[in-house]
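A.B. asks: Here is a sequence together with a model predicted from it:
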Amino acid sequence: MQAVKNCGLCASGSFLKGRTDFLLARRNMAVLRMSAACVQLLKDKTSVLCNSSVHQRLILQCLPKVARSNAIPFSVGSGLCAVPFTQQVENLSHESLIRRASCLVTDSANTYLSQTTLALVDALTQYAKALHTLISLQKRYITSIGKLSPAEEDSIWQVIIGQRVEVSDRLEECKRFESNWMNAINICELSAEAAYNSGAEHACTATKTNLQVAQSKVEEIRKISKEAEKKLAETKAEEIQRMAEYASSIDIHDLEDVPEAYLRED
């Protein structure tokens, strides 16, 4: 701005000798004013220059040749603002890749174990319920032996037979899910060993913990189903004994109704 003022004094003073000098001074003043405006714009819009190449070209067109030569290094330097920092390259050694793969295997094995455990526990629970229902029907029949009409006895036996079929179906379902569960147990044991050998101790520990939890749950529900099977066997033995007693009582009653003359020996 001081240069602008000095040029203004030169234009109004006695240093101008003629029309040519006056026009030259006016042109210099215009160039200086334009340069000052561009410098101020560059100062205010530095952030824009760092992100927009369009604005850079517009500003450079407004600058004179001398100013352009000085502005070019600035524009190149401002372009460096968008260059990201180099990220650290991850370790891609064979050991690290094997360790990661073993962790993925243990995750998949744990998922497979979880699903098969839930399926087996649910199947064993339904099997135990079916057994208890059959036990209840058997006991009801035992208490009513000799008190039912043939039609009523046939009806209750149809229900008992249907319940026995359901128990058989539930047992087959348990065997099918137990086979999948045993496969999951074997896979988890192998994956835990692989994780330990590869250095992924945390994955190995987590898999072994899941194995213990799954085995304890299945063992708990198995005890319930085994107790139900034991009660059903006891109920069947009681039914056989009760039927034998009832049959013997019928035979004795029939013998009492036979006339004495038919019982004497010749």
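C.D. replies: Here it is on my side, so go on.
A.B. asks: Now for residue 198, how many residues are close by?
C.D. replies: For residue 198, the neighbour count with other CB atoms under 10 Å is 20. All C-beta spots, glycine's among them, are computed from the backbone N, C-alpha and C.
A.B. asks: same thing with residue 177?
C.D. replies: Number of residues near residue 177 (other CB under 10 Å) recorded here: 20.
A.B. asks: Go ahead and confirm it touches residue 116.
C.D. replies: Yes - the pair residue 177 / residue 116 is scored as a contact, 6.7 Å apart, by CB atoms under 8 Å.
A.B. asks: Could you list the low-confidence segments of the stretch 1-150 of the chain?
C.D. replies: Applying pLDDT under 70 to the stretch 1-150 of the chain flags residues 1-91.
A.B. asks: can I get the CA coordinates of stretch 162-174 in PDB?
C.D. replies: Extracted C-alpha coordinates of stretch 162-174, given in PDB (Å, rounded to 0.1, in the frame of the first residue of the first chain):
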ATOM      1  CA  GLY A 162     -50.200 -93.100  20.100                       C
ATOM      2  CA  GLN A 163     -48.100 -91.800  23.000                       C
ATOM      3  CA  ARG A 164     -45.700 -94.600  22.600                       C
ATOM      4  CA  VAL A 165     -45.200 -93.700  19.000                       C
ATOM      5  CA  GLU A 166     -44.500 -90.100  20.000                       C
ATOM      6  CA  VAL A 167     -41.900 -91.300  22.500                       C
ATOM      7  CA  SER A 168     -40.200 -93.400  19.800                       C
ATOM      8  CA  ASP A 169     -40.100 -90.400  17.400                       C
ATOM      9  CA  ARG A 170     -38.600 -88.200  20.100                       C
ATOM     10  CA  LEU A 171     -36.000 -90.700  20.800                       C
ATOM     11  CA  GLU A 172     -35.000 -90.900  17.100                       C
ATOM     12  CA  GLU A 173     -34.800 -87.100  17.100                       C
ATOM     13  CA  CYS A 174     -32.500 -87.200  20.100                       C
END
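A.B. asks: If you count neighbours, what's buried in it?
C.D. replies: With burial defined by 16 or more other CB atoms under 10 Å, the residues of stretch 162-174 counted as buried are 163, 166-167, 170-171, 173-174.
A.B. asks: In helices only, show me the residues you listed.
C.D. replies: Members of the buried residues of stretch 162-174 lying in helices (criterion: DSSP state H): 163, 166-167, 170-171, 173-174.
A.B. asks: Just the closest of those to residue 234, please.
C.D. replies: residue 167 (15.5 Å; CB to CB).
A.B. asks: which residues touch that closest one?
C.D. replies: Counting by CB atoms under 8 Å, 6 or more residues apart in numbering, residue 167 touches 127, 130-131, 134.
A.B. asks: and the ones in helices among the buried residues of stretch 162-174 as CSV, adding pLDDT?
C.D. replies: Shown next, in CSV, are these (pLDDT from 0 to 100):
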residue, pLDDT
163, 94
166, 95
167, 95
170, 96
171, 96
173, 96
174, 96
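A.B. asks: Same list (the residues you listed) but as JSON lines, adding distance to residue 197.
C.D. replies: As requested, these are arranged in JSON lines below (distance: CB to CB, whole Å):
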{"residue": "163", "distance to residue 197": "51"}
{"residue": "166", "distance to residue 197": "47"}
{"residue": "167", "distance to residue 197": "45"}
{"residue": "170", "distance to residue 197": "41"}
{"residue": "171", "distance to residue 197": "39"}
{"residue": "173", "distance to residue 197": "37"}
{"residue": "174", "distance to residue 197": "35"}
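A.B. asks: how about the residues you listed, which pair is most distant?
C.D. replies: Pairwise distances across those (CB to CB) peak at 16.5 Å, for the pair 163 and 174.
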